[in-house]
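Colleague: with the sequence up front, the predicted model follows.
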Amino acid sequence: MATVQRLITSMQWEAAESRLSEYPDEAFSFAPPLNESALATACRMKANAGLIAALVKVNPDAATHKLITGKTPLHLWCSDLRRTSRGVGFADDVEVVRTILSARPEAATIPDADGWLPLHSACASGSAASVSIFRLLISAYPKSVLVRNKGGVTPLAMLWDRSALNDEDGRCILSVDAARFHERAAEMERIAAAKAFNRVGDVRPLGNSAALWSKILLMARAAYHGSLDDHERNSGTQVDDSIETDTNSASQENVRREGIFRPLHALAGIDCPASMVEFAIKVHARDPGALDEPDRYGNLPLHVAASRRTESSIDYGQSDFDRGRAIMMILKAYPHAVRVSNAAGRVPLNLAIESGATWVQGGIQQLFERAPEALEARDMQSRLYPFMLAASMGATEVSFLLLRHNPDLVASGCIVETEKCSLKYA
């Protein structure tokens, strides 16, 4: 007699659901060699949403049960989501993720044996994973965006590398014009799916850029602000304003900074590839105030990029390089920002020093060369000159290089009128 699990393996969804209603205990059995539950088998086989909902209802704990590989049913479902790219199964894909997370939200937080979260699996599926799936996974576990697997890769970097860049030369293949329609990404996905199902022309460029950029912005918002607001899923412009922040720091992870989501601020402030920031400038530079309008703490995107901190030592060199590249690109787009102090009176140079940036790769040299007069102004928080601030942070090379450009600061006992520096909050 066929069990529920055998019926699922043979893709007899209705028969499996019928048998489950008669023999619910079969939802609690585990099949060798992977110790796979009926729910896990259903997710691996991409069963219909009705059967998976029935399995979850009978045995909700199976949603967090791990196979020998460490994978949960949510990992299995989010992996290889190829059906949506052919225009079928879109509704089931979203509904299954919603069903599992409704029963056990913690399923989004469980890594497999390789350190992959379900969000990693969705990112590896590329354009096949819809914006709605990303929203569900990120809402359940906002911190997942920057969680590194055992290879040191975050979901954000994985999505960008696999879906936005050319494999051969690393060139961004997204359309800037299409990405500006990110607010209509869900609509464009449905159109692309319908056309793919009917085999009407090449629909890949239609929604890919808009959908991918919509996912990137969802991830950036979660990483920078610490949460998503479901009631703003269309415009993506408002976030909760319930948590105060320290104005002395331009970038504090997982803190809601203000009531407006600013894409360039967010991407400048999180650990992401430099090419992502470069593309963001192309997409959003024409948005009113994108580069020259400060947040409520007086921080422009340059301040945020300068104060970006590296949370992991796994690839500190790459993160420092990405920060330096981001600084360079923002400076190129809006050079005046280097001479603007934030509301706490701090300039980008001092923020970069305090964040541990290096001289060349980390962007400090670029900030200094654009505003050398900053060497003669004390930092408003520490009351130290930049070379002193660097020394206090243990950055002896940076301290030496800064002092070499103005040794009179030592010769004169560091008695320099701060009025010589023209930097001011603007």
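Modeller: Here it is on my side, so go on.
Colleague: quick one: residue 122 from residue 147, how far?
Modeller: Look at residue 122 and residue 147: by C-beta to C-beta, to the nearest Å, they are 13 Å apart. Backbone N, C-alpha and C define where each C-beta goes, glycine included.
Colleague: find residues that contact each of these two.
Modeller: Common neighbours of residue 122 and residue 147, counting by C-beta atoms under 8 Å, 6 or more residues apart in numbering, are residue 155.
Colleague: which one's more surrounded, these two?
Modeller: residue 122 (30 against 20; other C-beta atoms under 10 Å).
Colleague: so what does the helix or strand hosting that one touch, helix or strand wise?
Modeller: Using DSSP states H and E, residue 122 sits in helix 118-124. If you count contacts as 3 or more C-beta pairs under 8 Å, 6 or more residues apart in numbering; DSSP states H and E, helix 118-124 packs onto helix 73-78, helix 131-140, helix 155-163.
Colleague: swap in 10 Å and give it another go.
Modeller: When contacts are defined as 3 or more C-beta pairs under 10 Å, 6 or more residues apart in numbering; DSSP states H and E, helix 118-124 packs onto helix 73-78, helix 90-103, helix 131-140, helix 155-163, helix 204-225.
Colleague: just name the most buried of the ones you listed.
Modeller: helix 73-78 (a mean of 28; mean count of other C-beta atoms under 10 Å).
Colleague: give the other helices and strands that that one contacts.
Modeller: So helix 73-78, by 3+ C-beta pairs under 10 Å, 6+ apart, packs with strand 36-37, helix 38-44, helix 49-58, helix 90-103, helix 118-124, helix 131-140.
Colleague: could you tell me the least trusted of the ones you listed?
Modeller: Mean pLDDT values for the helices and strands packed on helix 73-78 show the minimum at helix 90-103, a mean of 90.
Colleague: what's the angle between that helix and helix 49-58?
Modeller: For helix 90-103 against helix 49-58, the angle by axes from the mean of the first three to the mean of the last three C-alpha atoms, to 10 degrees is 10 degrees.
Colleague: picking up where we left off before, okay, the helices and strands packed on helix 118-124 in TSV with distance to residue 295 next?
Modeller: Formatted as TSV, the helices and strands packed on helix 118-124 follow (distance: least, C-beta to C-beta, whole Å):
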stretch	distance to residue 295
helix 73-78	34
helix 90-103	31
helix 131-140	22
helix 155-163	21
helix 204-225	11
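Colleague: out of these, which is closest to residue 319?
Modeller: Taking C-beta to C-beta, helix 155-163 is the member of the helices and strands packed on helix 118-124 nearest to residue 319, at 10.3 Å.
Colleague: got any ranges where the stretch 201-350 of the chain has weak pLDDT?
Modeller: 201-207, 230-259, 310-317 (pLDDT under 70).
Colleague: helices along that one, start to end?
Modeller: Using DSSP state H, counting those that start in this stretch, the helices found in the stretch 201-350 of the chain span residues 204-225, 263-269, 274-284, 301-306, 316-333, 348-354.
Colleague: these: which one's closest to residue 80?
Modeller: helix 204-225 (17.6 Å).
Colleague: which other helices and strands contact that closest one?
Modeller: So helix 204-225, by 3+ C-beta pairs under 10 Å, 6+ apart, packs with helix 118-124, helix 131-140, helix 155-163, helix 176-179, helix 185-197, helix 263-269, helix 274-284.
Colleague: run the last query once more with 7 Å
Modeller: Helices and strands touching helix 204-225, by 3 or more C-beta pairs under 7 Å, 6 or more residues apart in numbering; DSSP states H and E, are helix 131-140, helix 155-163, helix 176-179, helix 185-197, helix 263-269.
Colleague: distance to residue 35 added to those helices, as a markdown table?
Modeller: Listed next are the helices and strands packed on helix 204-225 as a markdown table, based on distance: least, C-beta to C-beta, whole Å:
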| stretch | distance to residue 35 |
| --- | --- |
| helix 131-140 | 24 |
| helix 155-163 | 26 |
| helix 176-179 | 43 |
| helix 185-197 | 35 |
| helix 263-269 | 40 |
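Colleague: what's the closest of these to residue 388?
Modeller: In terms of C-beta to C-beta, the element of the helices and strands packed on helix 204-225 nearest to residue 388 is helix 263-269, at 25.7 Å.
Colleague: can I get the helices of the stretch 201-350 of the chain in TSV including distance to residue 371?
Modeller: As requested, these are arranged in TSV below (distance: least, C-beta to C-beta, whole Å):
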stretch	distance to residue 371
helix 204-225	26
helix 263-269	18
helix 274-284	20
helix 301-306	11
helix 316-333	10
helix 348-354	7
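Colleague: nearest to residue 168, out of these?
Modeller: Nearest of these (C-beta to C-beta): helix 274-284, 14.6 Å.
Colleague: what's the angle between that closest one and helix 155-163?
Modeller: Computed with the same axes, to 10 degrees, the direction of helix 274-284 lies at 80 degrees from that of helix 155-163.
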